[in-house]
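>>> sequence and predicted model, in that order:
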Amino acid sequence: MEAIVYEEFGGHEVLRHASGVAVPEPGAGEVRVKVAAVGVNPVDWKRRYGWVEEFYPTTFPAVPGLEFAGTVDALGAGVTGVAVGDEVFGWTKTGAYAEYAIAGTFAPKPAALTWEQAASLPVAGETAQRVLDLLAVRPGETLLLHGAAGAVGAVAAQLAVAAGVTVIGTASERNHAFLRELGVTPVTYGEGLADRVRAAAPGGVDAVFDAAGHDTLPVSIELLGGEKSRIVTIAAPDAAEHGIVFSGVTVEESVARRQLTAQAALVAEGRLRVDLAEIFPLKEAARAQEISESGHVRGKLVILL
């Protein structure tokens with residue numbers, strides 16, 4: 001099969017498009033899928049650099065990619081509740097930048113969802129809900145969301161707004177109109193951010209969701225008056241130095257399957273937006289990761305096979 005592989009840690013140049021890669025075989029309780037679309041995430045290039053070995057130990061040669069949408073191609077022994085030909089989406093065990101992958105946690109893809117939409121949802125949806133739950137944001141509270149226009153930030157913003165939470169979102173000026181469409185009060189990041197947030201939320205901020213990194217933690221701590229228990233980051237590598245919780249991807253199968261199903265229904269019903277930034281063929285995966293690594297991407301980068 002065709003796949004993107006890398007055999008050492010490094011920049012996007014270590015990624016190569018290969019043919020003749022062995023097709024993975026499903027073991028007991030596993031499902032193989034023919035991949036139709038892949039979501040590109042920051043964790044993909046962080047793994048490529050070797051920065052998240054604590055969470056994702058690497059065996060070379062490695063195939064990148066956590067989330068997929070595709071069609072069930074083969075069933076391992078003992079698999080029930082799914083059939084060859086079913087359209088599904090979720091997480092892979094073997095890497096999604098490939099023609100075939102072994103599915104980990106997955107759920108049925110609603111017919112109303114495109115492949116691109118389905119592949120955009122697992123990581124962003126799971127991460128957004130997990131962090132909102134960790135922060136325990138409640139109706140009537142105010143949430144400061146760093147990186148609100150990104151794939152995770154946009155989903156988190158919509159879920160929070162739907163739950164009755166006021167959301168102040170940091171983003172570049174060009175993304176402010178988009179955030180207003182989501183019900184978010186936008187503020188520009190950078191010098192003077194604390195004053196802009198105070199002006200936007202005169203009653204103060206109750207919790208902070210950092211999906212951006214980029215030195216956001218000191219100002220977040222300042223805005224919460226030194227309180228750190230209601231700040232969670234998914235992007236700041238120096239979180240521990242500041243005494244802040246860093247939350248990595250932790251997919252619990254039963255919870256994640258229910259969550260995937262529920263969020264997919266929201267997208268299908270038009271109650272949750274999944275915006276696409278750019279679509280790439282498999283051979284341009286390195287370029288997709290390069291763009292992701294540059295930051296300031298609005299919406300989701302997707303690889304379409």
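Looks like it came in fine. Given the structure is predicted, the values throughout are model-derived calculations rather than measurements.
>>> elements contacting the lengthiest helix in the chain?
For the chain, the helix reaching the highest residue count under DSSP state H is reported as helix 253-268. Contacts of helix 253-268 with other secondary structure elements, assessed using 3 or more CB pairs under 8 Å, 6 or more residues apart in numbering; DSSP states H and E, are made with strand 87-92, strand 100-108, helix 122-135. For glycine as for every other residue, the C-beta is placed from the backbone atoms N, C-alpha and C.
>>> go again using 6 Å as the cut-off
Taking 3 or more CB pairs under 6 Å, 6 or more residues apart in numbering; DSSP states H and E as the contact definition, the neighbouring helices and strands of helix 253-268 are strand 100-108, helix 122-135.
>>> got the contact list for that helix?
105, 107, 110, 112-113, 117, 121, 125-126, 129, 272, 274 (CB atoms under 6 Å, 6 or more residues apart in numbering).
>>> next: stretch 279-292.
Outside of stretch 279-292, the residues within contact range by CB under 6 Å, 6+ apart are 4, 12, 15, 17, 40, 42, 44-45, 97, 301-305.
>>> could you redo the last one with a cut-off of 10 Å?
Contacts of stretch 279-292 with the rest of the structure, by CB atoms under 10 Å, 6 or more residues apart in numbering, involve 2-4, 6, 11-17, 35, 37-38, 40-46, 48, 64-65, 97-99, 116, 150-151, 277-278, 297, 300-305.
>>> which among the contacts of helix 253-268 gets closest to R174?
Of all the contacts of helix 253-268, the one with the least separation from R174 (CB to CB) is V274, at 19.6 Å.
>>> show me what contacts the closest one?
If you count contacts by CB under 10 Å, 6+ apart, V274 has them with 39, 113-114, 116-121, 124-125, 151, 154-155, 158, 263-264, 266-267, 299-300, 302.
>>> if you set the cut-off to 7 Å instead, what comes out?
When contacts are counted by CB atoms under 7 Å, 6 or more residues apart in numbering, V274 is found next to 117, 120-121, 267, 300.
>>> checking it next. Helix, strand or coil?
What DSSP: H, G, I helix; E, B strand; the rest coil gives for V274 is coil.
>>> before we move on, the earlier item: now the helices and strands packed on helix 253-268 as CSV including mean pLDDT?
As requested, those are arranged in CSV below (pLDDT from 0 to 100):
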stretch, mean pLDDT
strand 100-108, 93
helix 122-135, 92
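>>> adding mean neighbour count and distance to V165, write those out as TSV.
Rendered in TSV, the data for the helices and strands packed on helix 253-268 read as follows (neighbours: other CB atoms under 10 Å; distance: least, CB to CB, whole Å):
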stretch	mean neighbour count	distance to V165
strand 100-108	22	26
helix 122-135	22	8
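>>> any idea where the strands of the chain begin and end?
In chain order, the chain shows strands spanning 3-5, 16-18, 31-40, 67-75, 87-92, 100-108, 142-146, 166-170, 185-187, 207-210, 231-233, 245-246, 276-281, 300-304, with DSSP state E as the criterion.
>>> of the ones you listed, which shows the lowest average pLDDT?
In terms of mean pLDDT, the lowest-scoring of the strands of the chain is strand 245-246 (a mean of 87).
>>> now that strand: how far from the chain's centre is it?
The offset between the C-alpha centroid of strand 245-246 and the centroid of the whole chain comes to 16 Å, using CA atoms, centre = their mean, to the nearest Å.
>>> go on, stretch 245-256?
Averaging C-alpha coordinates over stretch 245-256 and over its chain gives two centres that are 11 Å apart (CA atoms, centre = their mean).
>>> which parts of the longest helix of the chain are buried?
For helix 253-268, burial by neighbour count (16 or more other CB atoms under 10 Å) applies to 256-257, 259-260, 263-264, 266-268.
>>> report the buried members of the contacts of stretch 279-292.
Under a neighbour-count criterion of 16+ other CB under 10 Å, the subset of the contacts of stretch 279-292 counted as buried comprises 3-4, 6, 12, 15, 35, 37-38, 40-46, 48, 64-65, 97-99, 116, 150-151, 277, 297, 300-305.
>>> ok, now which ones touch V165?
Applying CB under 7 Å, 6+ apart, we find V165 in contact with 137, 139, 141, 143.
>>> and if we set it to 10 Å?
Listed by CB under 10 Å, 6+ apart, the contact partners of V165 are 132, 135, 137-143, 145, 156-157, 159, 183, 206-207.
>>> nearest to V72, of the residues you listed?
Nearest to V72 out of the contacts of V165 is L159 (CB to CB; 28.7 Å).
>>> distance of that closest one relative to E126?
Going from L159 to E126 by CB to CB, to the nearest Å gives 11 Å.
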